[in-house]
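**Q** sharing a sequence plus its predicted fold:
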Amino acid sequence: MISSEAQHHLTAAQGYAELGMYLDANEELENIAAEERHRHEVLILRVQIYHSLKKWGLMQVVAKRLTLEQPDNPQWSLSWAEATRQADSLDGARLILLEAVERHSAVASVHYNLACYECLLGDLEVAKARLQHAFKLDPSLRLRALEDEDLQALWNSLEV
C-alpha cells in the first residue's frame, strides 16, 4: 500500500499532468520516497509524462518494466514499442510487438501498430495482412488508417 505522503505527491502529479504541466508532474513524482517510486501507479504516470515530454529513453525503461510486471496488459507492450521506435529502432519496436501479438492476439491495436511498423520497414504484404486483421477486430480503425502517415507507402502502392 502506498503511503499517504506518496499518495499526496501522486495526486498532485496527476493534477499537473491533466493540465499538461508535465515537468511539474514529474517533479512531484520525484518528491516520492525512493522506495515507493517503483509502485505501479507511479510508473503508469511516468509513462504518460515521458511520452508527453518525448523522453523516449526514459519511457522505454519504464514501459519495459511495466510490460514485464504485467504481461497481460497490452498497453505496456505498445508503449514500450513506441518508445523503442523513437529512442532506438523501428526494427526493435517491431520485435517487441511480434512478441506481444502472441499474448494479445485479440487486441486490434497491437496488430494495427505492427502493421504500421511492417509498412515502414517495407514489407507491404505483411503490413496489409496485419491491417486487415486489425480491421476485423476493430472496424473503427479503418478511418484512422486512412490518415496514418505510417501507412502511406501501403496506400501509395494501391494507386493506379
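**A** Cool, the structure landed.
**Q** need the per-residue pLDDT for the residue positioned nearest the centre of the chain.
**A** Compute the mean C-alpha point of the chain, and by CA atoms, centre = their mean the closest residue is Ser79, 1.8 Å away. pLDDT for Ser79: 98.
**Q** Asp123 too?
**A** 96.
**Q** got it, and the one 4 residues further on?
**A** pLDDT recorded at Ala127 is 97.
**Q** below-threshold pLDDT in the chain: ranges please.
**A** Within the chain, the stretches with pLDDT under 70 are 159-160.
**Q** mind giving me the domain split of it?
**A** 1-53, 76-160 (automatic domain parsing).
**Q** could you dump those domains to TSV with distance to Arg65?
**A** From N, CA and C alone the C-beta is placed, and that goes for glycine too. Shown next, in TSV, are these (distance: least, CB to CB, whole Å):
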stretch	distance to Arg65
domain 1-53	7
domain 76-160	8
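**Q** quick one: which of those is nearest Gln70?
**A** domain 76-160 (6.0 Å; CB to CB).
**Q** please, where are all the helices along this protein?
**A** For the chain, the helices defined by DSSP state H cover 4-18, 22-30, 40-52, 56-69, 74-87, 90-103, 108-120, 124-137, 141-146, 152-158.
**Q** still on that earlier bit, can you tell me which of the domains of the chain comes nearest to Gln60?
**A** In terms of CB to CB, the element of those nearest to Gln60 is domain 76-160, at 3.8 Å.
**Q** identify the residues contacting the residue nearest to the centre of the chain.
**A** Contacts for Ser79 (CB atoms under 8 Å, 6 or more residues apart in numbering) come out as 47, 51, 59, 63, 66-67.
**Q** state the pair within these that is farthest apart.
**A** Across the contacts of Ser79, the longest distance by CB to CB is 14.7 Å; it joins His51 and Thr67.
**Q** of the two, who's got more company?
**A** Each of His51 and Thr67 has its neighbours counted (other CB atoms under 10 Å); Thr67 has more, 22 against 19.
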